[in-house]
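Novice: Let's see this in three dimensions:
(2 chains)
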There are 2 protein chains.
Amino acid sequence: MPDLSALLQPRTIAVIGASTQPDKVGGMPVRLLSELGYAGRIVPVHATASEVQGLAAVPTMDALDAPADLAIVALPVGASLDAMRQLARNGTRAAVFFTSGFAETGGDGIALQAELAALAQAHGITLLGPNCLGAMSLRERVFATFSPIPLGGLPPLGEVGLVSQSGAFGAYAFALAREAQLGLSHWVTTGNEAGLHVADVIEWLARDDATRVILAYLEGCRDGARLRRALAAARAAGKPVVVTKVGTTAAGARSAQSHTASLAGEDAVYQAVFDEYGVFRADTLEDFFRLGYVLSRGRRPTRWQPAAKEPSNAVTPVALVTVSGGVGIMMADQAEALELPLPPMPAAPAAALRNAIPFASTANPIDVTGQVVAQPEVLLDAIAAAAQSPDYGSVVAFLAGGVGSPRIWPGLQETVEALYRGGNAAPLLFSGLADDDKRRWLEARGALVFREPAHAVQAVAVLARAAAQAAAAQTPASACVAAAVGLPVPDVPPGTTALSEFEAMQWLAACGIPTAPHGLARDADEAVRIAGGMGYPVAIKLCSPDILHKSDVGGVVLNVADAQAARAAFAQVRAAATSHGRPARFDGALVAGMVRGWGELMVGVRCDPVFGLVALAGIGGTAVEIFRQTAFGLAPLSHARARTMLRASRAEALLSGHRGHPALDAGAVAEVLVRVSQAAAALGPRLDTLEINPLIVTARGVVAADAVVTLQAAASDRHTNRPTEETTR
Amino acid sequence: MPDLSALLQPRTIAVIGASTQPDKVGGMPVRLLSELGYAGRIVPVHATASEVQGLAAVPTMDALDAPADLAIVALPVGASLDAMRQLARNGTRAAVFFTSGFAETGGDGIALQAELAALAQAHGITLLGPNCLGAMSLRERVFATFSPIPLGGLPPLGEVGLVSQSGAFGAYAFALAREAQLGLSHWVTTGNEAGLHVADVIEWLARDDATRVILAYLEGCRDGARLRRALAAARAAGKPVVVTKVGTTAAGARSAQSHTASLAGEDAVYQAVFDEYGVFRADTLEDFFRLGYVLSRGRRPTRWQPAAKEPSNAVTPVALVTVSGGVGIMMADQAEALELPLPPMPAAPAAALRNAIPFASTANPIDVTGQVVAQPEVLLDAIAAAAQSPDYGSVVAFLAGGVGSPRIWPGLQETVEALYRGGNAAPLLFSGLADDDKRRWLEARGALVFREPAHAVQAVAVLARAAAQAAAAQTPASACVAAAVGLPVPDVPPGTTALSEFEAMQWLAACGIPTAPHGLARDADEAVRIAGGMGYPVAIKLCSPDILHKSDVGGVVLNVADAQAARAAFAQVRAAATSHGRPARFDGALVAGMVRGWGELMVGVRCDPVFGLVALAGIGGTAVEIFRQTAFGLAPLSHARARTMLRASRAEALLSGHRGHPALDAGAVAEVLVRVSQAAAALGPRLDTLEINPLIVTARGVVAADAVVTLQAAASDRHTNRPTEETTR
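Specialist: Next up, the predicted model:
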């Protein structure tokens, strides 16, 4: 667990390479700390000057009379290691290195950075950077940065912690936060991440009392376990995390023995990680900040429920009150797209509204019409009635120019105060034009204001999800993890690099996964005997560890109808083993019952170099290649995640009475996915790829009809902290 | 062709129901016209007062000494018809009716509105409304509205014409335009549309010299032909149209004889119309205005090319210049999603940049890094070099806080002036923070400024598309329309309501569409003879006009292998004709060759009640139901549209060497779609549904293996102006 207290709450800050010129890289931190009210001790370290910007300086850290909590290092790259050694001798607890010229330049810089990191680690120094823009704590007025951006003004002190791998992104985000008056607690840029990663900062912010919402900008993650631990800590603390993850990794493509791997973009794996931990993802700066605004300022809905199409998400019934029918329709379109239920107005307030304005609509959207100009109290009554009704979890009101209009504003203030005094009213979200004062008055009470009606509706969905996640954080971990531990999974002998299809089918069956009847025949007689036992038609397939794509060499014969055909098929697949250039080992022929169904799924687990085992599922056959609706989840899967994957990949459509076929229990199919993922997880980092394709949909459930399992000969430490991409910023 | 000149350029305006109280509905237009500088004659019409708000009034229109160009009518619903008769006697050319209580209230209001419209039409009076918020011309300072919103200030005079069915939406849009300083030419709300539709206003704005960009808000369209004519006029004038279309129609579901219809949401038909005419669609108010801003202010790229995945769209190679690697990646992600090519920086400026800043990146994004603070001229040189390079069609520069920084701004002004003076530099788009003055300085020169980097990249794509569309408007209509006219399509006898599958296949073949070999057998002998002629295996299917879903009653036997099986199959389908409750007519059995391929498409044409014939295409079988990637286009299709439909529905994946199958000529397949759509168009409004499912993908091209054709017995006037939804605002 990383400790950032010396970095963000230091009592003594040394500035190494401090400049007498306030606008130089080494001068700016001294200037910012002095001018912007840092209350602790500032010690400029300067080779020759005895005073820097009015503060007494020391020539080296060795001349300092006490250990510094934090050292800001603004020295050329060549002086960095010596500086780090000074810090070690001084007993400094944390260091920010602005210095560039390390790993980002390649070559010697990589080794130099490793040495810097090793020194810091050996002496217990928390290291931020190098090649970073530093950090700030707005609460402690710590400005350990050389960016002049705080000179232009600070955002309000607030509860949003912001961490960015990129310095320039971080600086721009700081400026935008200031402009939008988004309240910040801390601001950290991680640069080359020789010490602290974005993940470490997230984890610390998750435990920081001053932070309620975490905004993180990521370019890549070199340590999946660390990021997962951080996101788990934030989830457990009930603090929403908003992530902007840009770019596609430059990680060398892993040699994909089956085509599954080629379907999996790295980004889908990141998304699976974010889904697992309930991360809110933002693709644009605008979304990034709006999510920060909504999550840090917005009241949570009074009630929520699992979303119909995505039970791992939550929604809340919302009342849409509008002065414009047209905008009401726009908002209803949005609500429908987000699965937010729109129950009609309850009978009593509906009657009151129709009584006051006969042509008002009391369906939902609740349209008080332009008549509100003449009868503003009708609008306020409608808002109050909706907010007090147990039928709604949130109220969105589109008031156009009316939010701040003199006819409406005083009553609106009274309505908001009265509702929130009561304590159990549904939160209010407004859309319309309001001047800054009125907007802030509303926001201070947790009533959000949006110019764009669609954003108000989207905010309701975000807040419902945040409320559900915060509530889930209060409950202990679900039983599915225990089930994963308890599942008996048969051993695979050490050194195995692949299972034959027969071995794979045997292994899956032993793991409790429904498989087509199958047996291994060494000769034609045995093939006929096995086929007779399970009943024709059967499939006869080559079993050879040397041939992965057996159908490509004629090693698969389907729909074998009788004993004579079985003998012919056996002869064909035996011949196929020697026909593909160099002779391959012949372990026999797999005889498998032909499973009849009305659709094919594919289910797999593969090993991501950063995040470890990732499960994927979708509709098989041509569909998987053409529509690419494969869904991902971290293995082992929870039951809920497996259900969501069936839904997201549209596989569920094949299970729910498709074209007159019987409906299957989707929960039971999801449980098969869970078991596949648990079996893979039991093999752990040895697993390379597990793929069941097809998993045939039949009236009696899903049945594995073909399987590929490949393994790493030596598991080694392939999942530990290995860099998989260059750090680009 | 509607004439709005009396409405938007009147010399005399009468206000009927004018009020002495300026804030009443009947007082506001008088106040606005007087206060905001309307230069023409204003005549209040008031039953008793001789003066209204300082203007001489007349008691009725009959007392007016000359015909008015425009009458604004603010009277109760009961007085409306009388007012319209006064206008007729006066010879008034245009009327705005604010009055509500017409069709939107149902019942008598519908008849009253029809009468009002009939009177207007009979006397050649252009009618806006009733139940609307009126219209404004900012150029002529005409304020024919009772909305007080112009009192808060006007947007700048500009080249964006705004038309909204909804008054409240229009008023909010006006306020947002004012806030965003988006320059408007005209503002029109159409309300109940008894006279002018949104379409009519679009068509007039398309011919209005003061308008270059048209923003339209639609809730529904009752007259598809009128909207298409308007959009065609705008396209021909090279004026981009931005549409926000909300809501789903409440039109009663048409009884769908085949399942095709149930797959087609009304919205997809609107989208097909918008695609046909190159309409820019906005789903949110924010997008609506941003598109208005981009299209009215933004310079078009110096070059463009068809988008790779969507040739009906255009893209331009873009240089992304950035001071932040992180934001550069964000912008590159966006560019990739929009298919904008990102060629690397040309060699000479790349060398110059690397020489100045060794760790700068000269790939694209061109990352000048934070070093720009010390060397601002390097950034400006990079921007200038990119804008002057023939490799780029647009330049997006992310400058963070640098746009307005004192170190960069003077040089940036010089750079922009010099580039645009040259005349052939690529347009510049900036992202970053700039104060209003600097932003306006840039915008006045056609250099757009965005806070959100993603929006700057999106703007490039929008402008490339606009440039391509404007260029296409200069070229005469393509030859495909002529081809549609020239195609011989065999007659279908009058009164026919459905073709049998045999008749449908015969008809398709005669239209030049490849079909499976087929013949009609009246008895088993004939079935054997036909099958022998085409070769086994064949399919044998019941032919009966009374049974649409023949496979449901056992009327289809596939894979018939020999003569004996053919006799059995014939007997089965004959029996099926009488087995489904009531006996059905038996016309014989269709004998068709079994077509072997590796995929199924489905192609159809159906009759939309508003827009007429709409073609659809996609992958057939299970995929069409599960993935719903059906693509739509107006029939007859152009070749380009058919190609786009193959791509958008992912059908093209089956044609391009899928799973080792031979690659087909997608153009030839598109031509089959075109021919299907032309055949349907030749039947015209008689056609109800034409569906080919499956259209089998084989090595020799696509082959129709089953077809359904249903028709209307009486074509009548089913496509003319029939209201299909309630007007809701």
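Novice: so how far is B:L112 from the spatially most central residue of chain A?
Specialist: By CA atoms, centre = their mean, chain A has its centre lying nearest to A:F274, at 1.4 Å. With the distance defined as CB to CB, to the nearest Å, A:F274 ends up 57 Å from B:L112. (C-beta placed from N, C-alpha, C; glycine too.)
Novice: Also A:L646?
Specialist: 55 Å.
Novice: So for those two, which residue has more residues nearby?
Specialist: A:L646 (24 against 21; other CB atoms under 10 Å in any protein chain shown).
Novice: Spell out which residues of the stretch 251-400 of chain A are next to chain B.
Specialist: Neighbours of chain B within the stretch 251-400 of chain A, by CB under 8 Å from any CB of the partner chain: A:283-286, A:323-327, A:329-330, A:332-333, A:359, A:370, A:400.
Novice: Buried by neighbour count, from the residues you listed: which ones?
Specialist: Neighbour counting by 16 or more other CB atoms under 10 Å in any protein chain shown classes A:284-286, A:323-327, A:329-330, A:332-333, A:370, A:400 among these as buried.
Novice: of all those residues, which comes closest to A:I202?
Specialist: Nearest to A:I202 among those is A:L285, at 18.9 Å by CB to CB.
Novice: Can you list the helices and strands that the longest strand belonging to chain A packs against?
Specialist: Counting residues, the longest strand in chain A under DSSP state E turns out to be strand A:687-698. Applying 3 or more CB pairs under 8 Å, 6 or more residues apart in numbering or on different chains; DSSP states H and E, we find strand A:687-698 packed against helix A:260-263, strand A:599-608, helix A:666-683, strand A:701-704, strand A:707-711.
Novice: ok, it: who's next to it in the sheet?
Specialist: Pairing partners of strand A:687-698, with direction, according to DSSP bridges: strand A:599-608 (antiparallel), strand A:701-704 (antiparallel), strand A:707-711 (antiparallel).
Novice: residue contacts, A:S312?
Specialist: Applying CB atoms under 8 Å, 6 or more residues apart in numbering or on different chains, we find A:S312 in contact with A:275, A:306, A:640-641, A:643-644.
Novice: run the last query once more with 10 Å
Specialist: Neighbour list for A:S312: A:275-276, A:278, A:306, A:465, A:468-469, A:472, A:633, A:638, A:640-641, A:643-645, A:647-648 [criterion: CB atoms under 10 Å, 6 or more residues apart in numbering or on different chains].
Novice: So which of the strands paired with strand A:687-698 has the densest surroundings on average?
Specialist: Of all the strands paired with strand A:687-698, strand A:599-608 has the most neighbours on average by mean count of other CB atoms under 10 Å in any protein chain shown, namely a mean of 26.
Novice: Can you read off the pLDDT for the nearest residue to A:V489 once chain neighbours are set aside?
Specialist: Spatially, and ignoring its direct neighbours in sequence, A:V489 is nearest to A:A682 (3.6 Å; CB to CB, 6 or more residues apart in numbering or on different chains). pLDDT recorded at A:A682 is 91.
Novice: Same check on A:F143?
Specialist: Confidence at A:F143, expressed as pLDDT, is 98.
Novice: can you count the residues close to it?
Specialist: 30.
Novice: Using the record, which stretches count as separate domains in chain A?
Specialist: As assigned by automatic domain parsing, chain A contains the domains A:5-294, A:303-474, A:478-516+A:595-729, A:517-593.
Novice: ok, A:A425 to chain B distance?
Specialist: Distance from A:A425 to chain B, counting by CB to the nearest CB, to the nearest Å: 26 Å.
Novice: In the helix or strand harbouring A:A350, which residues are buried?
Specialist: If you go by DSSP states H and E, A:A350 is part of helix A:347-356. Under the neighbour-count criterion of 16+ other CB under 10 Å, helix A:347-356 has A:349-350, A:352-353, A:356 buried.
Novice: Please apply the same query to stretch A:591-601.
Specialist: Buried, per 16+ other CB under 10 Å, within stretch A:591-601: A:591-595, A:597, A:599-601.
Novice: Fine by me, thanks again.
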